[in-house]
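> Structure here, sequence nowhere to be found:
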């Protein structure tokens, strides 16, 4: 897809008495909550929207939301994007950061209707309302899952062949965003690569591994561990997402990866060192929809976002393991 250069005469620096206003969907999520706090620090006001769906334990989302609403500059709207009056919610916003959606590859094979609703239908509503409300730009959180088992490193202009319903709904949503871009309405899709760090979703492998290792439970290993991932630390993802609000392009997908190349076996080796004990591995077949390798070509991210990942995987994973340890210790103290 050709890069569309854009100008934005109405996107001016705020005066002493003005702030840029934006909307963050999925505001109580792992990435959305951190993005919102960063935006406020950068001078934005944030209207956050979250449906607190059951894609994973909503208690964690509720706890994050409680912290967000105590933050000056962040407000919260609760509801389903397909049902809310989004035009009203988007009024006065310059940018919508659309992070809401139903994640998870394996669950998508048994719950396709819900993924269609939360990903595709919700995105259609966001785009229609954003245009009607006069929003300048939508920044959409897409996924490396759109590539499937393609040739690595994944380039944004490569053929896309997702191998799960989750990947297909992310690709359909991404295409809706990019096809809507025109002279009056900007859209950028960021293809996130395996985001991790403290607060990671409870269904993600790194957190599950750490929780099992720290409680002396077997680690469930799907496949032979030779799968390789481009892990991206959550704070790096936030930096790239903020930059996308003013990137000099529209109608374009951009990879956001950590530049890592780590196998699951290498992850387990690091985990052994971090917890200081041997691990019990419970081996299972490869999971349906699990791609073998992900790796991002970051040329576009470098040139259009000025993005360079700052956190090496080993350092970021150690921070996540420390966070899991502290969380487990806190829960034990509460229950004692």
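Ah, there it is. Computed from a predicted structure; not experimentally measured.

> For the rest of this, base every contact and every neighbour count on C-alpha atoms.
Will do.

> Regarding the protein, what is its longest helix?
If you go by DSSP state H, the chain has its longest helix at helix 313-335.

> which stretches of this protein form strands?
Along the chain, counting by DSSP state E, strands occupy 20-25, 44-50, 74-78, 95-98, 137-143, 186-192, 195-196, 219-222, 228-229, 232-233, 252-256, 262-263, 281-284.

> Tell me the helices and strands packed up against the longest helix of the chain.
strand 195-196, helix 205-214, strand 232-233, helix 264-275 (3 or more Cα pairs under 8 Å, 6 or more residues apart in numbering; DSSP states H and E).

> tell me the average confidence for that helix?
What helix 313-335 shows for mean pLDDT is 89.

> Could you double-check that residue 82 lies in contact with residue 119?
No. With contact defined as Cα atoms under 8 Å, residue 82 does not reach residue 119; the gap is 10.0 Å.

> Of the helices and strands packed on helix 313-335, which is nearest residue 162?
Among these, the nearest to residue 162 by Cα to Cα is strand 195-196 (18.3 Å).

> per-residue confidence averaged over that closest one?
98.

> Other residues contacting that strand?
206, 231-234, 237, 316-317, 320 (Cα atoms under 8 Å, 6 or more residues apart in numbering).

> Now with 6 Å, please.
232-234 (Cα atoms under 6 Å, 6 or more residues apart in numbering).

> again with stretch 288-296
In contact with stretch 288-296 (Cα under 6 Å, 6+ apart) are residues 149, 152-154, 163-164, 227-230, 257.

> Now do it: distance from first to last residue.
With Cα to Cα, to the nearest Å as the measure, stretch 288-296 spans 22 Å from end to end.

> related to what we said a few turns ago, of all the helices and strands packed on helix 313-335, which lies closest to residue 302?
strand 232-233 (14.8 Å).

> thinking again about what came up before, could I get the strands of the chain as JSON lines with mean neighbour count and distance to residue 210?
Output for the strands of the chain, formatted as JSON lines (neighbours: other Cα atoms under 10 Å; distance: least, Cα to Cα, whole Å):
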{"stretch": "strand 20-25", "mean neighbour count": "25", "distance to residue 210": "29"}
{"stretch": "strand 44-50", "mean neighbour count": "23", "distance to residue 210": "28"}
{"stretch": "strand 74-78", "mean neighbour count": "17", "distance to residue 210": "32"}
{"stretch": "strand 95-98", "mean neighbour count": "25", "distance to residue 210": "29"}
{"stretch": "strand 137-143", "mean neighbour count": "25", "distance to residue 210": "24"}
{"stretch": "strand 186-192", "mean neighbour count": "26", "distance to residue 210": "22"}
{"stretch": "strand 195-196", "mean neighbour count": "23", "distance to residue 210": "12"}
{"stretch": "strand 219-222", "mean neighbour count": "18", "distance to residue 210": "9"}
{"stretch": "strand 228-229", "mean neighbour count": "21", "distance to residue 210": "17"}
{"stretch": "strand 232-233", "mean neighbour count": "26", "distance to residue 210": "16"}
{"stretch": "strand 252-256", "mean neighbour count": "27", "distance to residue 210": "24"}
{"stretch": "strand 262-263", "mean neighbour count": "18", "distance to residue 210": "16"}
{"stretch": "strand 281-284", "mean neighbour count": "13", "distance to residue 210": "12"}
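
> got those strands as JSON lines, with distance to residue 68 columns?
Formatted as JSON lines, the strands of the chain follow (distance: least, Cα to Cα, whole Å):
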{"stretch": "strand 20-25", "distance to residue 68": "12"}
{"stretch": "strand 44-50", "distance to residue 68": "9"}
{"stretch": "strand 74-78", "distance to residue 68": "6"}
{"stretch": "strand 95-98", "distance to residue 68": "16"}
{"stretch": "strand 137-143", "distance to residue 68": "20"}
{"stretch": "strand 186-192", "distance to residue 68": "23"}
{"stretch": "strand 195-196", "distance to residue 68": "20"}
{"stretch": "strand 219-222", "distance to residue 68": "33"}
{"stretch": "strand 228-229", "distance to residue 68": "31"}
{"stretch": "strand 232-233", "distance to residue 68": "21"}
{"stretch": "strand 252-256", "distance to residue 68": "25"}
{"stretch": "strand 262-263", "distance to residue 68": "33"}
{"stretch": "strand 281-284", "distance to residue 68": "38"}
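
> of all the ones you listed, which lies closest to residue 31?
Comparing the strands of the chain against residue 31 with Cα to Cα, the closest turns out to be strand 195-196 (8.4 Å).

> Okay, now the sheet partners of the closest one, with direction.
strand 232-233 (parallel) (DSSP bridges).

> Residues contacting the partner strand, please?
Under Cα under 6 Å, 6+ apart, the answer for strand 232-233 is 194-197, 257-258.

> one more time with 10 Å, if that's ok
192-198, 200, 256-260, 309-313, 315-317, 320 (Cα atoms under 10 Å, 6 or more residues apart in numbering).
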